[in-house]
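**Q** got a structure for you, letters missing:
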């Protein structure tokens, strides 16, 4: 019930005029992106990220989310009218939708898709509300070793699902991890793979890579196809239907109830929003025999686009900076507990507002789609060269404005050419992009885990038995059916019993730079064996 | 088809070995734990090893894939693709000299007239919108700073 209360708070925020406006703009742009040929949701969001630079965090994420689901729905229009799915999730819509459109019932098909999408979105949103809090509580008990295992699991799952072979998927994933190495080492500050170029000290920008790999490479792929705009005008199926009035005729209502269920499948909807589009991809492979699907396969939905865009979005970073700035002021005037509470409250407000905006966006899509169908159809007539120039200019603006560096524009172009060849060779780009995002997290989790375990790699396998990271774990080990860890030897137990701070202090004291100073000298011990200035002493100090 | 994948495999082998070589020069382990070269050594080695497997898969007759694979663009599309790709380094070089507006104007006109073969009036209108229009939207309305050239625009 607490979740529904928070959802109510989120709805109140999402329904403010400003956020409604952002959702409306996002839906409109997303529909435009989804309808336009040659621009998928991934490339569309990547190209449109610069629009959110000046927005506050909540508004920016609401707008990006609206662009995402607007683009996902926009793909349905091309699926029905052109038999050309814009992304993997729309492939199933072509099976019946295009056939209905050929029979002169395109409007009915689009109406079914719109209402079905609304029902599915509603179920998915409420599912998210119910599932998210227990999942979040479970995730909070994770330590570095568990985080490392989870990140590797996510990456390897994606590698297994994409590409023509596991080897190529693994190579692409590891290449993404290597790309994540570029920049300064997070612990020691040593430059890695920067070749003395200052622009690389901050690493390779994720958005730049995505714009190149997905947006610009799509331009080059489309240049190979003769006259896409003419093709679409020829193939465009009449929307005005002789049978059935409005989006859903009376006769069709009962007949298509089953199709509502297919479209309103919450797994499908939730999958589109939260987890990789496994079902959509499976459907894509199923439909790969179709010529048009084959032509589009290269840019078919890569999982977790929304999550990655939100993570990589500068607006999210701005939100983090804003949070950090506020937290400093809070720290100055209040206790740490109050600061934590305030931070959690702020984060909860943002998260629940975004979840609520998903539902608001669903309603908005339904309202927009039914009366404005003719408008979206006319958008299909935009000439491709104009569209190509627009994508290119937006990509240049987006990559430049991330850090104000022309070097990033060059990087974007370089990855565009690479992405073109990756698509031609059928090398999966999703693992590379995901690994680029997860790379620093994986490295940090692995290194922290090894530091905690005193360089024992076995710690990663037996971590649930350890109790020094995040609370009691033996129960969970038993519940998951994992074997117990071997009994540690006395030496290993002694090493493991030293906390990270103890070892850091010891290293600090042994440092040659401090030799001869008072800090390097062992402090005189008093009765009981504890140093009077030892801040890490576990027993109470004696006077 | 196999030849293209062989070239790609060799490229990945070289990439992995390069990263391995670069990472070896960094510290593998320090007193605080894994050093900056730790992750790179493993990644470079793994990529090189996997690329060797890929090379073997595409070389040994037992696993070699068959069928044609067009890596380069088809003959009729080579000119537009080559012109588009060639315009990119030119854009990067001209951006600091001419600024965003003039560079974008030139790029749009080139792509619309030479690659897209659009009418000149339409190309002009779209190019102006994409250069000066987008510059106005981003700088004046969204507050995003775009590059200014040596002549001040």
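**A** Cool, the structure landed. As the structure is a prediction and not an experimental result, all values here were calculated from the model.

**Q** any stretches of the chain with poor pLDDT?
**A** By default, I'm working from chain A. Within chain A, the ranges that satisfy pLDDT under 70 run A:1, A:36-40, A:43, A:82-89, A:91, A:163-164, A:226-347, A:376-377, A:379-380, A:454-543.

**Q** looking at chain B here, not the other one
**A** For chain B, the stretches with pLDDT under 70 are B:1, B:66-69.

**Q** can you list the domain ranges for it.
**A** The record assigns chain B these domain ranges, following automatic domain parsing: B:2-57, B:76-141.

**Q** among those, which comes closest to chain A?
**A** Nearest to chain A among those is domain B:76-141; the distance by C-beta to the nearest C-beta comes to 2.6 Å. Bear in mind the C-beta positions are built from the backbone N, C-alpha and C, glycine included.

**Q** pull up the gap between the closest residue to chain B within the stretch 151-300 of chain A and residue A:432, please.
**A** Nearest residue of the stretch 151-300 of chain A to chain B (C-beta to the nearest C-beta) works out as residue A:185 at 3.7 Å. As judged by C-beta to C-beta, to the nearest Å, residue A:185 and residue A:432 stand 22 Å apart.

**Q** out of the two, which sits in the more crowded spot?
**A** residue A:432 (26 against 20; other C-beta atoms under 10 Å in any protein chain shown).

**Q** not counting its neighbours along the chain, what's nearest that one?
**A** residue A:176 (3.9 Å; C-beta to C-beta, 6 or more residues apart in numbering or on different chains).

**Q** what parts of the stretch 1-150 of chain A come near chain B?
**A** A:50, A:51, A:53, A:54 (C-beta under 8 Å from any C-beta of the partner chain).

**Q** among these, name the buried ones.
**A** A:50, A:51, A:53 (16 or more other C-beta atoms under 10 Å in any protein chain shown).

**Q** kindly reformat those residues as TSV containing secondary structure.
**A** Below are these laid out as TSV (DSSP: H, G, I helix; E, B strand; the rest coil):
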residue	secondary structure
A:50	helix
A:51	helix
A:53	coil
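
**Q** hey, where'd the strands end up in the chain?
**A** Picked chain A for this. Applying DSSP state E to chain A gives strands spanning A:183-184, A:191-192.

**Q** nope, chain B please
**A** Secondary structure of chain B by DSSP E: the strands cover B:29-30, B:33-34.

**Q** measure the residue lying closest to residue A:385 once chain neighbours are set aside to residue B:81 for me?
**A** Once flanking residues are discounted, residue A:385 sits nearest to residue B:116: 2.6 Å by C-beta to C-beta, 6+ apart. From residue B:116 across to residue B:81, the span is 13 Å (C-beta to C-beta).

**Q** for residue A:198, same thing?
**A** Per C-beta to C-beta, residue A:198 is found 33 Å from residue B:81.

**Q** the two - which one has more neighbours?
**A** The neighbour comparison of residue A:198 against residue B:81 (other C-beta under 10 Å) goes to residue B:81, with 20 against 10.

**Q** so residue A:390 touches residue B:127, yeah?
**A** No. Using C-beta atoms under 8 Å, residue A:390 is not in contact with residue B:127; the gap is 11.1 Å.

**Q** quick one, which of these two is more surrounded?
**A** The neighbour comparison of residue A:390 against residue B:127 (other C-beta under 10 Å) goes to residue B:127, with 24 against 19.

**Q** who touches the more buried one in this structure?
**A** Going by C-beta atoms under 8 Å, 6 or more residues apart in numbering or on different chains, residue B:127 touches A:389, B:104, B:105, B:108, B:109, B:112.

**Q** could you find the closest non-adjacent residue to the fifth one?
**A** To tie it back to what came earlier, the one meant is residue B:109. Nearest to residue B:109 is residue B:127, by C-beta to C-beta, 6+ apart, at 4.7 Å.

**Q** look up how far residue B:145 lies from the one you found.
**A** 22 Å.

**Q** and if you look at residue A:171?
**A** According to C-beta to C-beta, residue A:171 and residue B:145 sit 38 Å apart.

**Q** please say which of these two ends up with more neighbours.
**A** residue A:171 (31 against 11).

**Q** now that one, nearest residue through space, not along the chain?
**A** Once flanking residues are discounted, residue A:171 sits nearest to residue B:50: 5.0 Å by C-beta to C-beta, 6+ apart.

**Q** OK, contacts around that neighbour?
**A** Residues in contact with residue B:50 (C-beta under 8 Å, 6+ apart) are A:167, A:170, A:171, A:174, B:12, B:16.

**Q** quick one: residues contacting residue B:87.
**A** B:107, B:110, B:111.

**Q** chain A next: which of the residues you listed are close?
**A** Checking the contacts of residue B:87 against chain A (C-beta under 8 Å from any C-beta), the matches are B:107, B:111.

**Q** check contacts around residue A:193.
**A** Taking C-beta under 8 Å, 6+ apart, we find residue A:193 in contact with A:178, A:181, A:182, A:183, A:200, B:19, B:22, B:40.

**Q** how many residues are close by the closest residue to it other than its chain neighbours?
**A** Closest residue to residue A:193 apart from its sequence neighbours, by C-beta to C-beta, 6+ apart: residue A:182 at 4.7 Å. Per other C-beta under 10 Å, the neighbour tally for residue A:182 reads 19.

**Q** ok, residue A:182 touching residue A:202?
**A** No. The criterion here is C-beta under 8 Å, and residue A:182 misses it with residue A:202 at 9.1 Å.

**Q** need the phi and psi values for residue B:150.
**A** Per-residue torsions, residue B:150: phi -70, psi -30 (degrees, to the nearest 10).

**Q** how near is the residue nearest to it when sequence neighbours are not counted to residue A:197?
**A** Distances taken as C-beta to C-beta, 6+ apart put residue B:97 closest to residue B:150, at 5.6 Å, once the chain neighbours are dropped. Residue B:97 sits 20 Å away from residue A:197, going by C-beta to C-beta.

**Q** now residue A:359: how far from residue A:118?
**A** 10 Å.

**Q** show the contacting residues for the closest residue to residue A:183 other than its chain neighbours.
**A** Spatial nearest neighbour of residue A:183, excluding adjacent residues (C-beta to C-beta, 6+ apart): residue A:203 at 3.3 Å. Residues near residue A:203 by C-beta under 8 Å, 6+ apart: A:180, A:182, A:183, A:184, A:440.

**Q** could you do residue A:180 as well?
**A** So residue A:180 contacts A:203, A:204, A:435, A:436, A:437, A:438, A:439, A:440, A:443 (C-beta under 8 Å, 6+ apart).

**Q** now, which of those residues sits nearest chain B?
**A** residue A:443 (4.8 Å).

**Q** give me the distance between the residue lying closest to that closest one once chain neighbours are set aside and residue B:45.
**A** Of all residues not flanking residue A:443 in the chain, residue B:39 sits nearest, at 4.8 Å (C-beta to C-beta, 6+ apart). Distance from residue B:39 to residue B:45, counting by C-beta to C-beta: 11 Å.

**Q** neighbour-wise, which of those two wins?
**A** Using other C-beta under 10 Å, the more surrounded residue of residue B:39 and residue B:45 is residue B:39, with 27 against 16.

**Q** got a list of what that one touches?
**A** With C-beta under 8 Å, 6+ apart, residue B:39 has these contacts: A:177, A:181, A:443, A:446, A:447, B:23.

**Q** contacting residues around the residue nearest to residue B:74 when sequence neighbours are not counted?
**A** Excluding the flanking residues, the one nearest residue B:74 by C-beta to C-beta, 6+ apart is residue A:224, at 6.1 Å. By C-beta under 8 Å, 6+ apart, the contact list for residue A:224 reads B:73, B:74, B:77, B:81.
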